[in-house]
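1. take this sequence and fold it.
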Amino acid sequence: MSNLTAKVSSNVFYKARQRASEHNERLKSRENEADIMSIDRGRLYHIESGVAVPYPEEIKMMCDLYGMPELQNYYCTEMCPLGCDIPKISAVTLDRVAIHALSVFQNISNTSKILLDVAKDGQITEDEYPDMVKVLEVVKEPETAAQNLKVWAKKNL
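-> Numbering: from 1, shown residues only. Sure, this is the predicted structure:
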């Protein structure tokens, strides 16, 4: 039993409910939350203990109920087999989000010259391949910056 208790207390969904219960007394008990979400409390227990994977609709309800849109990113990047390409959010405060976004914009600006040099003849030669790999890595970053900003906005606006 202690193994399962430790598993539950370290579960991201359990922790999220506990944090949300600081502002919403009804979330202190699993029974109340199950009633609010209209799901079986046993199902909620299985989600919080990691035995069951929540359905997308349940994740959406938890995000709204807890005021934690980052749970959706967690589910999509960690649990959904289709979400492996979705960038994980990393910054949750406005200053971190803004600094990350500005850094990304700067990298794109610097990378545009490399891309132009590589693409000017319409072919990628063997010696240009490492530069193209670098360009491809940099163009992934705006999506991460956008995800961070969207989560921050959902949470704070």
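
2. now for Arg40: which residues touch it?
-> No Arg there; residue 40 is Asp. Contact analysis of Asp40 by Cβ atoms under 8 Å, 6 or more residues apart in numbering lists Ala34. Just so you know, the C-beta spots here come from the backbone N, C-alpha and C atoms, and that holds for glycine as well.

3. rerun at 10 Å
-> Counting by Cβ atoms under 10 Å, 6 or more residues apart in numbering, Asp40 makes contact with Ala34, His46.

4. need phi/psi at it.
-> Here is the backbone geometry of Asp40 (degrees, to the nearest 10): phi -70, psi 140.

5. hang on, isn't Asp117 packed against Thr125?
-> No: taking contacts as Cβ atoms under 10 Å, Asp117 lies outside contact range of Thr125: 11.1 Å.

6. mind checking which helix or strand of the chain has the lowest mean pLDDT?
-> helix 2-9 (a mean of 65; mean pLDDT, DSSP states H and E).

7. picking up where we left off before, name the residues contacting each of Asp117 and Thr125.
-> Asp131.

8. could I get the full set of helices for this structure?
-> Shown for the chain, the helices assigned by DSSP state H span residues 2-9, 12-21, 30-37, 41-48, 56-66, 70-78, 94-119, 129-156.

9. buried sites along the second one?
-> Judged by neighbour count using 16 or more other Cβ atoms under 10 Å, the buried positions of helix 12-21 are Val12, Phe13, Tyr14, Ala16, Arg17, Ala20, Ser21.

10. these two touch, right, the second one and Glu48?
-> Put plainly, it is Phe13. Yes: here Phe13 lies in contact with Glu48, judged by Cβ under 10 Å, at a distance of 5.3 Å.
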